[in-house]
Every structure is written in structure tokens, then in C-alpha cells.
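Asks: Following is a predicted model, sequence given first.
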Amino acid sequence: MQNLELGFIGFGLIGGSIARSIKKKNGHYKIKVYTRRKNPHLEQGVEEGVIDELLYDIGEPFSSCDIIFLCAPVLKNLEFLPLLKPLVKPSCIITDVGSVKGSICRTAASLGLGRQFIGGHPMAGSEKTGYENSTDILLENAYYLLTPDKENREEDIRTMQTLVTDLGANCVVLSPDEHDRITAAISHVPHIIAATLVNMVRCNDSDEQNMKAFAAGGFKDITRIASSSPEMWQDICIANRESIDYFLRYFETLLEKFRQSISGENMSAIYEEFRSAGDYRDSIPVKKSSVIARSYELFINIDDRAGAIATIATILSVNGISIKNIGIIHNREYADGIMKLELYNEKDALTSRRLLIQNRYDIVDRN
């Protein structure tokens with residue numbers, strides 16, 4: 001690709017990581033960043049050479065951009081589209097990084113920007129936020145979903161696919177509606193359920209808070225995502241309300257069916273619910289293991305380079321540690337750690353952690 005001029009509106013963890021990766025691959029790309037207020041971390045980004053121009057209003061400087069990334073919260077991104085409409089040149093591609101695509105694609109089309117807007121959703125992230133926590137490897141081997149429309153030019157779609165691939169991500173093309181159904185089912189509704197489970201316990205806990213005291217095991221593990229930003233999830237729920245409503249109603253039906261099986265002591269139905277769920281879950285790539293096995297997992301941020309996994313395996317093997325399983329996590333949208341390492345016992349997990357830290361690997365602690 002020729003040298004490009006890229007604009008960013010919103011520049012936190014995801015925007016910063018995209019920019020860092022782009023600069024790492026092609027330092028000649030020019031990156032302009034809009035921010036509402038002075039931010040010492042972004043000023044540091046200028047000093048680091050990641051940001052070429054820091055802007056405090058959305059105006060003429062964006063008219064020369066070849067690609068503009070909207071990296072603000074999903075509802076806020078909608079507000080920026082009409083501001084960009086009179087500024088952008090006809091060849092400029094506008095994209096975003098939000099986890100809801102239908103609403104922003106429809107808004108872009110209604111403004112006459114359907115030909116230029118291509119929705120994007122990098123399925124990577126961290127429990128940390130802000131540009132200061134961005135890295136140039138965050139997107140490596142992660143899924144990066146694109147949701148073009150029939151109005152989009154084929155050359156623009158290819159440009160975005162090439163850019164995503166250059167970031168080291170796995171590019172997947174979906175329709176906006178399919179994207180929103182998928183994310184509602186595997187991400188948005190699970191977040192709602194996790195938050196509801198936590199509130200169920202909170203509302204039924206005793207004055208002594210015994211439930212909280214005993215919640216450090218499986219309950220804390222399956223509700224970890226309930227600690228995500230309430231502002232972000234408020235926006236997501238509104239932006240993807242139709243798909244979320246469909247799957248919440250579906251979940252209510254299944255839950256009521258399960259309740260009736262338990263109430264009616266229908267042993268075979270109860271067994272089948274757990275069996276079918278277990279079989280499907282075990283077929284998910286890089287599947288999560290049981291609560292006990294999770295004590296023996298390590299999550300590691302590594303560079304996507306030849307021999308990276310082999311180097312880790314060698315460090316552990318020469319110290320007599322056997323690896324149970326090793327794999328790359330492609331969907332890590334709300335948790336850090338590119339590689340998951342499973343060990344056979346707690347001693348090996350602790351020893352592996354110590355050895356890898358000694359060798360300057362970044363071990364991610366998941367609460």
C-alpha cells in the first residue's frame with residue numbers, strides 16, 4: 001500500500017494499538033489524532049513518534065485523510081459522522097472499531113456516506129484502558145471483523161483487508177446484521193447475564209456477606225466480565241438492542257424450560273441440558289477448561305514472530321515442565337493475553353510463571 005494519511009477520533013487502547021502497529025509496519029504513514037482535551041499520555045504519543053499531529057477540533061486537517069478511524073464509544077461515534085461529512089474527500093474510507101455495526105452502518109448510509117463507510121470490529125482488548133496501555137502486538141492473531149455494504153467500492157474493501165492483515169490480525173468479512181447477531185449471542189447477552197448473576201447474589205447476600213466470601217471460585221470466574229465499563233455497556237445495549245432483545249427472550253425461554261425440568265424432577269431432561277452444553281462448549285476452539293484447571297493456566301503477551309512459541313516451550317522443557325496445551329486466543333476482546341498455556345498441576349504453573357518472568361515475558365493476571 002502507498003503511504004497513507006490516517007485520522008483517529010478517540011485514541012484509547014484500541015486506537016492506540018492500531019496506530020502503534022501501523023507505525024511499526026510503516027513509519028511513513030502520517031497519523032492525526034483528535035482529542036477533546038489535553039492528555040499527557042497522548043502528548044507522550046507525539047514524543048514517541050506514534051502521533052504525527054494532535055488536534056483539538058474536527059476540522060480541515062481531516063480533509064486530507066485517506067482513512068479515518070472512529071474509536072470513541074459506539075453511540076458517540078454516530079455523532080462524529082455528520083461532522084465528517086462536509087470534510088472528507090470522496091476517496092476517504094471511514095471505519096470504526098465498535099462492537100455494534102448495524103446502527104452505525106445505517107447512520108452512515110442515511111448521511112450519504114454509505115459508499116465510504118466500512119464497519120470494523122477488532123476482537124481484542126484488555127481489562128486495562130487508555131492509550132498508555134496500548135501495544136503494537138495487541139491485534140496480532142486476533143479476529144478483526146469488517147462489515148462492508150453493497151455500496152462500498154471493491155478497492156476500498158481490499159484496502160481495509162490489506163490494512164487489517166498488515167496489523168497481523170485475522171480479517172473476517174460479515175454483513176452488519178450477521179455481525180450484530182453473533183456479538184449479541186456470544187458477547188453482549190453473556191455480559192448482561194453476568195451482571196445479572198452478580199446482582200442476584202448481591203441482593204440476596206446476608207449482612208455478614210457470606211455469599212461474597214465464598215464467591216472467589218467458580219462464581220467469580222464466570223462473572224469476571226461483569227466488571228467491564230458500565231458506560232461502554234450502556235451504549236452497547238442501546239445500539240444493539242434488537243439483537244440483544246431477541247437472544248434475551250430466547251434465553252428466558254431456555255431458562256424457563258430448565259426450571260420446569262428441575263421443578264418436575266425430569267432427570268433425563270436435566271442431564272441432556274448439561275450434556276449438550278458440555279459437548280458444544282468442548283468443541284469451541286481453545287476451549288476454556290474447568291474451574292480447577294484454570295488454576296494451571298498462564299496467559300502471555302508475545303510477539304508474533306517465528307519461533308516465539310518454540311522458545312517458550314524450550315524454556316519450560318529444559319526445566320522439566322510438561323505442557324498440557326498451548327494455543328493462540330483469537331477473540332480476546334475483553335481480556336488481555338495472546339497465548340494460553342495450560343500446565344498439568346499448580347507446581348508446574350507457578351514454576352513456569354517464575355521462569356517466564358525471569359526471561360522477560362509479560363504474564364497477564366486474570367482476576
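Replies: It's in.

Asks: drop to CA atoms for contacts and neighbour counts, all remaining ones
Replies: Noted.

Asks: Show the low-confidence segments of the stretch 201-350 of the chain, by residue range.
Replies: Counting by pLDDT under 70, the stretch 201-350 of the chain contains low-confidence ranges at 216-217, 285-295, 304, 331-337.

Asks: where do the helices sit along it?
Replies: Remark: helices assigned in the stretch 201-350 of the chain by DSSP state H, counting those that start in this stretch are 210-213, 218-222, 230-239, 241-263, 267-282, 308-317, 346-358.

Asks: Quick one, which of the ones you listed gets closest to Lys76.
Replies: helix 230-239 (8.7 Å; Cα to Cα).

Asks: Name the residues of that closest one that are buried.
Replies: Across helix 230-239, burial judged by 16 or more other Cα atoms under 10 Å covers Trp233, Asp235, Ile236, Cys237, Ala239.

Asks: I'd like to know which elements that helix is packed against.
Replies: Contact partners of helix 230-239 among helices and strands, from 3 or more Cα pairs under 8 Å, 6 or more residues apart in numbering; DSSP states H and E: helix 74-84.

Asks: How far off centre is the helix it packs on?
Replies: Chain-centre distance of helix 74-84: 21 Å, with Cα atoms, centre = their mean, to the nearest Å.

Asks: helices or strands next to the very next helix or strand once past that helix in the packing?
Replies: Per DSSP states H and E, the first helix or strand lying C-terminal to helix 74-84 is strand 93-96. Contacts defined by 3+ Cα pairs under 8 Å, 6+ apart place strand 93-96 against strand 67-70, strand 117-122.

Asks: re earlier: identify, from the buried residues of helix 230-239, the entry nearest to Glu256.
Replies: Cys237 (23.0 Å).

Asks: roughly how far apart are that closest one and Gly130?
Replies: According to Cα to Cα, to the nearest Å, Cys237 stands 22 Å off from Gly130.

Asks: Repeat that for Thr107.
Replies: Per Cα to Cα, Thr107 is found 27 Å from Gly130.

Asks: Please apply the same query to Asn152.
Replies: From Asn152 over to Gly130 (counting by Cα to Cα), the distance is 31 Å.

Asks: With Ile329 instead?
Replies: Taking Cα to Cα, one finds Ile329 at 22 Å from Gly130.

Asks: Could you check which of the two is surrounded by more residues?
Replies: Ile329 (21 against 17; other Cα atoms under 10 Å).

Asks: what's the more buried one sitting at in phi/psi?
Replies: Main-chain torsions, Ile329, degrees, to the nearest 10: phi -90, psi 110.

Asks: isn't it right next to Ile338, touching?
Replies: Yes. At 5.5 Å, Ile329 and Ile338 qualify as touching, with contact defined as Cα atoms under 8 Å.

Asks: Find residues that contact each of these two.
Replies: Residues touching both Ile329 and Ile338 (Cα atoms under 8 Å, 6 or more residues apart in numbering): Asn141.

Asks: Can you report how many residues lie near Glu79?
Replies: With other Cα under 10 Å as criterion, Glu79 counts 13.

Asks: Looking at per-residue confidence, what score does it get?
Replies: Note for Glu79: predicted pLDDT of 96.

Asks: quick revisit: and the buried residues of helix 230-239, which two are furthest apart?
Replies: Trp233 and Ala239 (9.7 Å).

Asks: still on that earlier bit, which single one of the buried residues of helix 230-239 is nearest to Glu178?
Replies: Nearest member of these to Glu178, counting by Cα to Cα, is Ala239, at 14.7 Å.
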